[in-house]
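# take a look and give me a structure for this.
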Amino acid sequence: MKKLIYNHTEENLKRTFAWSSSWYHPYESAWSIFHKFMFANKVTINDLFKIFGSESIQNKRSNVWSKKDGDLFTLEGFDEKRLQDILGFNLKANIIEESATILKILIQKHHYKVFYIDTFRFCPECIKIGYHSTFHQFKLFNTCPLHNKPLSSICPSCGGGWKNEYNLIKNEIKHPFQCQCGFLFINEDMARMFAKTWSSNSHDIRDSSLVTRLFELNAHSEKTKRIHISDCIDLTNYENPFEYLYLTVNSKEENTKHIVYKSSKNINKIKCLDKKLLSKYIFTPRHKRPNKELYFTLKATYKSIARHFRKTILKDHKKCIKSYNRSFTYSESICPFVSAYAHWRGHIEDHEINWHVHTYRKRKIAENQVDFYTRSDSDYFFNIYIELMTGLYNEKDETIYGNEPSILHYVSPDNLTITKYTFNRLFAHLLHNYLLNWLIVAHNDMGKSVHYFYSRPFMKYKNLPFYTIVYPFKDNEAAEFHIWPNKDKTIENILKKLKCPNNS
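Residues are numbered from 1 along each chain as shown. Predicted structure coming up:
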């Protein structure tokens, strides 16, 4: 075991710590390293800040640390030289470099925390030997790459205790590798022979098939860079989001189980503003044409889907539409089909009331901002609009995105073909999911004596099937829209459960 001496006080008081650089393994998390250090040296979290803390931490007169100080993703509260001198390697630089290596494959203009979960997660097998990996916090993985076991945040003894944030300050564990209830996650044999166990190479996570497949995506970096994954959906709600990403890059149509929509291969060459459309915008300033074009195309998509729903779902409920009451009803005669449809319309059109289901609300186009017709998804749509307009690369930020030029400028006053295709596909996907959620609400309200008019934002992207968008780059490439349907919850299955009390 390597013993290091570090002058960690102004008085140059020397202290020897029990530590060996062989205890660190690739892609091991800062949480794991700090808990190993606390376990081997019998020190507390406050002692960690005094030993490894940055200059600002050392100058504090009280042991009151902020959440930023305890951030285990950036290690902003810790000094690189102190980490290097005591641990034998620069933990801060390693964590940042390894995280960047993982995220570099995705190449998206997202904050790193979009792909990392704040809640502490662990593998039940890894934690027994005092090991925790950065991959355990990676949202695209819901199972341990080494043991293929589901990742957990719950103590097996008390059913709680470890529902903490991935942060030294917000983590309420009083002793290393131990729950508040007293349960020790590492086994007794390991606790007695921790030095030998931690020095072994039995848990090199780079050898796992899941991590190997993740880095295989580097071979397809040209396509991977053009994949859009929404930062509005919680990746932890999906069973295997990494598999979805992998299939987006490597899928073969005859072997895949998900739905793939592809545009024309000449979509880059298609000019969406023909002579008829240009005459429509003859008095519109050139820089404002994209705003109007997107508004009208999304409105047309919505009207088309709404018309389809009326001709299919509501074809036998025309009387129910006419008798739909604008006030709260205390009878059980309300039609769940019309109730779901009315709330769906109100959600999209931003109605303050939901009973005008047979008329469209007319409103003016927003002049000073891009109007995507739907108010509920305007923030998300605007992020995609900026992504398409500015390109997927940022030549100013060379540290994250590389020294590559900005490309993929799909938004221009005279050509919005790819932008329109992207928004129309995505809008249709969201519209179907919103209707599904409102049908579920209507089903839950069946038989109740009181029916409520719900506020719109409560569901947002609940039950939304996972999807990815692939932007084309070359002239002969197609835009792609990949969807993994939720077979357990579909509009068809919910409709079978609904019953109209009016028998119309």
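# quick one, helices of the stretch 351-500 of the chain?
Secondary structure of the stretch 351-500 of the chain (DSSP state H, counting those that start in this stretch): helices at 378-390, 398-401, 417-445, 491-497.
# could you look over the ones you listed and pick the most buried one?
Mean neighbours per residue, mean count of other C-beta atoms under 10 Å, is largest over the helices of the stretch 351-500 of the chain for helix 417-445, with a mean of 21. The way it works is simple: take the backbone N, C-alpha and C, and place the C-beta from them, glycine included.
# so that helix versus helix 378-390, what angle?
160 degrees (axes from the mean of the first three to the mean of the last three C-alpha atoms, to 10 degrees).
# give the other helices and strands that helix 417-445 contacts.
Helix 417-445 sits against helix 289-312, helix 336-349, helix 378-390, strand 466-470, strand 480-484, helix 491-497, with contacts defined as 3 or more C-beta pairs under 8 Å, 6 or more residues apart in numbering; DSSP states H and E.
# got the angle for the fourth one vs helix 378-390?
The reference is to strand 466-470. Using the same axes, to 10 degrees: strand 466-470 against helix 378-390 is 20 degrees.
# could I get the helices and strands packed on helix 417-445 as CSV with distance to F37 and mean pLDDT?
As requested, those are exported to CSV (distance: least, C-beta to C-beta, whole Å; pLDDT from 0 to 100):
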stretch, distance to F37, mean pLDDT
helix 289-312, 54, 87
helix 336-349, 52, 85
helix 378-390, 40, 80
strand 466-470, 39, 91
strand 480-484, 42, 92
helix 491-497, 53, 91
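# right, so of those, which gets closest to K42?
strand 466-470 (45.7 Å; C-beta to C-beta).
# ok, that closest one: who's next to it in the sheet?
Sheet pairing of strand 466-470 (DSSP bridges) gives strand 227-228 (antiparallel), strand 480-484 (antiparallel).
# mind checking which of the ones you listed is nearest N444?
Taking those one by one with C-beta to C-beta, strand 480-484 is closest: 25.3 Å.
# what lies in contact with the closest one?
Contacts to strand 480-484, defined as C-beta atoms under 8 Å, 6 or more residues apart in numbering, come from residues 244, 247-248, 251, 257-263, 422, 425-426, 429, 465-470.
# quick one: distance of that strand to the chain centre.
Once both centres are worked out by C-alpha atoms, centre = their mean, to the nearest Å, strand 480-484 turns out to sit 16 Å from its chain's centre.
# need the CA coordinates for that strand. PDB is fine.
The C-alpha trace of strand 480-484 is given here as PDB (Å, rounded to 0.1, in the frame of the first residue of the first chain):
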ATOM      1  CA  GLU A 480     -35.400  10.000 -40.300                       C
ATOM      2  CA  PHE A 481     -37.900   9.800 -37.500                       C
ATOM      3  CA  HIS A 482     -37.600   6.700 -35.200                       C
ATOM      4  CA  ILE A 483     -40.400   5.800 -32.800                       C
ATOM      5  CA  TRP A 484     -40.600   2.900 -30.300                       C
END
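# ok, back up a step: the helices and strands packed on helix 417-445: which one's closest to L435?
helix 336-349 (5.0 Å).
# low-scoring stretches of the stretch 401-504 of the chain, by residue?
Under the criterion pLDDT under 70, the flagged ranges of the stretch 401-504 of the chain are 401-415, 447-459, 503-504.
# could you work out the end-to-end span of stretch 317-333 for me?
Stretch 317-333 has an end-to-end distance of 13 Å (C-alpha to C-alpha, to the nearest Å).
# now the contacts of strand 480-484: which count as buried?
244, 247-248, 251, 258, 261, 263, 422, 425-426, 429, 465-470 (16 or more other C-beta atoms under 10 Å).
# ok, so what distance separates W198 from L151?
To L151, W198 is 21 Å away according to C-beta to C-beta, to the nearest Å.
# any chance of the strands paired with strand 466-470 in JSON lines with distance to Y434 as columns?
Listed next are these as JSON lines, based on distance: least, C-beta to C-beta, whole Å:
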{"stretch": "strand 227-228", "distance to Y434": "20"}
{"stretch": "strand 480-484", "distance to Y434": "15"}
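# relative to I386, which of those is closest?
Shortest separation from I386 across those is recorded for strand 227-228, at 11.9 Å, computed as C-beta to C-beta.
# if I pick the closest residue to R82 other than its chain neighbours, what's in contact with it?
Nearest residue to R82, sequence neighbours excluded (C-beta to C-beta, 6 or more residues apart in numbering): F52, at 4.9 Å. Contacts here follow C-beta under 8 Å, 6+ apart; on that basis F52 touches 78-79, 82-83, 86.
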